[in-house]
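Student: sequence and predicted structure below; questions after.
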Amino acid sequence: MKTRTVELVAKPREPHFVGDGFRVHNFIPSGYRLDMQRMNPFIMLDYNSKYNFPPSDKPKGVSVHPHRGFETVTIAYQGKVQHHDSSGGGGIISEGDVQWMTAASGVLHKEYHEKEWSKTGGEFQMVQLWINLPAKDKMSKPKYQAIKNQDINKFKLDERGSEIEVIAGRYENIEGTASTFTPINMYNAKLKKGAEVMLNFPSDYNTALLVIEGEITINDDVNAPTDHLVLMENDGENFTIKASQDSVVLVLSGEPINEPIAAHGPFVMNTREELIQAFDDFNSGKFGHLED
Ligand code: MN
């Protein structure tokens, strides 16, 4: 086994608002090295670093919008998000929970701060990822995996509370809770100060680490502080993460989908023709109906 080295430690970009409820740093695909292909199948990563929202009677968020051709994964670290979609589905994503939405052939949805949480406001911290689907699955039926924190399989690393939450894929003997279309590992590594973990993924899997809390050192060499994204090279399999403070790290590693990407706004397809079809279908009401 060869050591996988660090390619880049990316600083968070200037934040922007998505709707009025998500103040995000975009890491993918706005970085020159982190375009949609570089971290594919992870084609978009918006990170709402800790931000204090004042109380609001009207929940802030993003009004009705469509998606087609991929999956959205929302991970709540602090605060609560509520969502509704055109198939009548909906739910609340609370601290520690993960919502894995397969938009595939198409959904309309809206995403807001949860009503009661909104009234008191407070610290909000969240990640939204877009995960691409291979051509053969892009038009499959939409589905949800609403994953409560207590249902996420966990690997205990030490007696001090360090653990790996295996959201998807596998860590040691622990199977990930979410099902995926292509091979993906997604973990929350919760490391107490001084804890160290070795990770091991095939070298062609695109791999990155987002430091949610604390500060880490990769391969006893490269430091990454809070809110930074570490892009790993595809030059080896194993690497270590050591926590220099109590830390939480979102670990992403996935087998690349080697297909062309045609993306525009909320649609991610393989060809321009399929994008035009997506807009036509959306405009002619084929994504269903949802009140704002
Ligand atoms: Mn959305």
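Tutor: Received it, and whenever you're ready, just let me know what you need. Numbers count the residues shown, from 1 in each chain.
Student: what about the residue most central in space within the chain, which SS state?
Tutor: In the chain, the C-alpha nearest the mean C-alpha coordinate belongs to Leu129, at 3.0 Å (Cα atoms, centre = their mean). Following DSSP: H, G, I helix; E, B strand; the rest coil, Leu129 is assigned to strand.
Student: so what's it closest to, chain neighbours aside?
Tutor: For Leu129, the nearest residue in space outside its immediate sequence neighbours is Val73; the separation is 4.4 Å by Cβ to Cβ, 6 or more residues apart in numbering. Where C-beta positions appear, they are placed from N, C-alpha and C, glycine not excepted.
Student: specify the beta-bridge partners of that neighbour.
Tutor: Beta-bridge partners for Val73, by DSSP bridges, are Trp100, Leu129.
Student: tell me how far it lies from Leu108.
Tutor: 18 Å (Cβ to Cβ, to the nearest Å).
Student: who's more crowded, those two?
Tutor: Val73 (26 against 20; other Cβ atoms under 10 Å).
Student: so who does the more buried one touch?
Tutor: Contact partners of Val73, counting by Cβ atoms under 8 Å, 6 or more residues apart in numbering, are Val98, Gln99, Trp100, Met101, Val127, Gln128, Leu129, Trp130, Ile131, Ala178, Met186.
Student: am I right that Gly79 is in contact with Ser118?
Tutor: No: between Gly79 and Ser118 there is no contact, the gap being 9.3 Å when judged by Cβ atoms under 8 Å.
Student: find the residues that touch each one of the two.
Tutor: In contact with both Gly79 and Ser118: Phe53, using Cβ under 8 Å, 6+ apart.
Student: hmm, back to that, residues touching the residue nearest to the centre of the chain, list them.
Tutor: Counting by Cβ under 8 Å, 6+ apart, Leu129 has contacts Phe42, Met44, Leu45, Thr72, Val73, Thr74, Ile75, Leu252.
Student: quick one: which of those residues is nearest Leu290?
Tutor: Thr72 (15.5 Å; Cβ to Cβ).
Student: how near is the residue nearest to the centre of the chain to Pro66?
Tutor: In terms of Cβ to Cβ, Leu129 sits 18 Å off from Pro66.
Student: likewise for Lys136?
Tutor: 21 Å.
Student: more crowded one of those two?
Tutor: More neighbours surround Pro66 than the other of Lys136 and Pro66, with 21 against 9 (other Cβ under 10 Å).
Student: which SSE is that one in?
Tutor: Here Pro66 sits within strand 61-67, counting by DSSP states H and E.
Student: count of neighbours near the closest residue in space to Ile261 that isn't next to it in sequence?
Tutor: Distances taken as Cβ to Cβ, 6+ apart put Met36 closest to Ile261, at 5.1 Å, once the chain neighbours are dropped. Met36 has 17 neighbours, counted by other Cβ under 10 Å.
Student: pretty sure Met36 sits against Pro29.
Tutor: Yes: here Met36 reaches Pro29: they are 4.5 Å apart, a contact under Cβ under 8 Å.
Student: quick one: common contacting residues for the two?
Tutor: Counting by Cβ under 8 Å, 6+ apart, the residues touching both Met36 and Pro29 are Ile43, Met44.
Student: which stretches of the stretch 151-292 of the chain have low pLDDT?
Tutor: For the stretch 151-292 of the chain, no stretch has pLDDT under 70.
Student: what segments of it are helices?
Tutor: Assigned by DSSP state H, counting those that start in this stretch, the stretch 151-292 of the chain shows helices spanning 272-283.
Student: quick one: the strands in it?
Tutor: With DSSP state E, counting those that start in this stretch as the criterion, the stretch 151-292 of the chain has strands at 153-156, 163-168, 170-171, 174-175, 184-191, 196-200, 206-213, 215-218, 222-225, 229-232, 238-243, 247-254, 262-264, 267-269.
Student: quick one: closest of those strands to Gly90.
Tutor: Here strand 163-168 is closest among the strands of the stretch 151-292 of the chain (Cβ to Cβ), at 21.2 Å.
Student: just the pLDDT for Gly89.
Tutor: The score at Gly89 is 78. That number is its pLDDT.
Student: so it makes contact with Lys143?
Tutor: No: counting by Cβ under 8 Å, Gly89 does not reach Lys143; the two are 9.2 Å apart.
Student: chain neighbours aside, what residue packs nearest to Phe22?
Tutor: Asn48 (5.3 Å).
Student: can I take it that that neighbour is in a strand?
Tutor: Yes: according to three-state DSSP, Asn48 belongs to a strand.
Student: next, count neighbours for it.
Tutor: 24.
Student: how far away is it from Glu291?
Tutor: Asn48 sits at a distance of 25 Å from Glu291 (criterion: Cβ to Cβ).
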